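**Q** please find the sequence and the predicted model below.
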Amino acid sequence: MKRKLLSIAAALCFIAGAKAQTSYGIKAGVNFAKIKESVKGFSYTSNATTSFYVTGYADMPIANNLSIQPGVSLQGKGNKINVKDLEQVTGGSLGIEDSKSELMYIEVPVNFVYSIPTGNSGSVFLGAGPYAGVGIHAKATRGNESDSGSFSDAGLKTFDAGLNFLAGFKLTNGFLINGGYGLGLTNIVKGAEDGSAKNRVFSVGVGFQF
């Protein structure tokens, strides 16, 4: 799957690079990250933990008002688990404490973005596309104890992939206001045979396209 995503990204970048003038941008903001877990018939979406993202990207026009935007992004993800909420789902006492995970990824998104001009003020944009990511640091907190290290140490897969959805407004001077949603499609837990855990991230932020 890694090779397929990278091959698609490379082909799209090659096609776009042969078209009109490329511009560059940067975006940053706040992530509200959750993890959706499914185990033995139970499904539970955690509370959100707050993190951040920073993304650099190229905007390559491929048609009227349509661009492809490959980029590189630092993405903070993770979750918060309220034991009382989880016990309501499972219907029994779990005997554990509230916990929190903080996961940091380097991601490569490749988004298709369509712009809708709104006159002299700027344009509304809508977009979607795949992403592939590599986990670089994981931290887990349970009660008053915390531990940090690699994804492997935390029992998690290093690789993640999914889909991005984004929308926002770009002023004529290049300033951006944007929101997005990351839908993880990869089970990030190692060796999970009877369950899965997938990233879910809502983000808001600002940026500038040069």
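**A** Everything's here; your move.
**Q** CA only for contacts and neighbour counts going forward, please
**A** OK.
**Q** buried residues of stretch 55-70, list them for me.
**A** 55-62, 66-70 (16 or more other CA atoms under 10 Å).
**Q** could you measure from the residue nearest to the spatial centre of the chain over to Asn64?
**A** Note on the chain: the residue nearest the mean C-alpha position is Gly182, at 4.1 Å, using CA atoms, centre = their mean. The gap separating Gly182 from Asn64 is 26 Å, by CA to CA, to the nearest Å.
**Q** ok, now Glu102?
**A** Distance from Glu102 to Asn64, by CA to CA: 40 Å.
**Q** now do the strands in the chain.
**A** 23-39, 42-45, 49-63, 66-81, 99-117, 122-142, 145-149, 159-171, 175-184, 195-209 (DSSP state E).
**Q** in JSON lines: these, plus mean pLDDT.
**A** What follows is the strands of the chain, written out as JSON lines (pLDDT from 0 to 100):
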{"stretch": "strand 23-39", "mean pLDDT": "94"}
{"stretch": "strand 42-45", "mean pLDDT": "82"}
{"stretch": "strand 49-63", "mean pLDDT": "96"}
{"stretch": "strand 66-81", "mean pLDDT": "95"}
{"stretch": "strand 99-117", "mean pLDDT": "95"}
{"stretch": "strand 122-142", "mean pLDDT": "95"}
{"stretch": "strand 145-149", "mean pLDDT": "83"}
{"stretch": "strand 159-171", "mean pLDDT": "97"}
{"stretch": "strand 175-184", "mean pLDDT": "97"}
{"stretch": "strand 195-209", "mean pLDDT": "95"}
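**Q** quick check: which of the ones you listed is buried the most?
**A** Compared across the strands of the chain, strand 66-81 shows the largest average neighbour count, a mean of 23 (mean count of other CA atoms under 10 Å).
**Q** wait, Gly56 sits on Gly25?
**A** Yes - with contact defined as CA atoms under 8 Å, Gly56 counts as touching Gly25 (5.9 Å).
**Q** what's the burial count for the closest residue to Asn82 other than its chain neighbours?
**A** Leaving aside its chain neighbours, Asn82 sits nearest to Asp98 (5.1 Å; criterion: CA to CA, 6 or more residues apart in numbering). When neighbours are counted by other CA atoms under 10 Å, Asp98 registers 15.
**Q** residues contacting Ile177?
**A** Ile177 makes contacts with Gly168, Phe169, Lys170, Val204, Gly205, Val206, Gly207, as judged by CA atoms under 8 Å, 6 or more residues apart in numbering.
**Q** could you check how far the second one is from Tyr24?
**A** Read that as Phe169. 16 Å.
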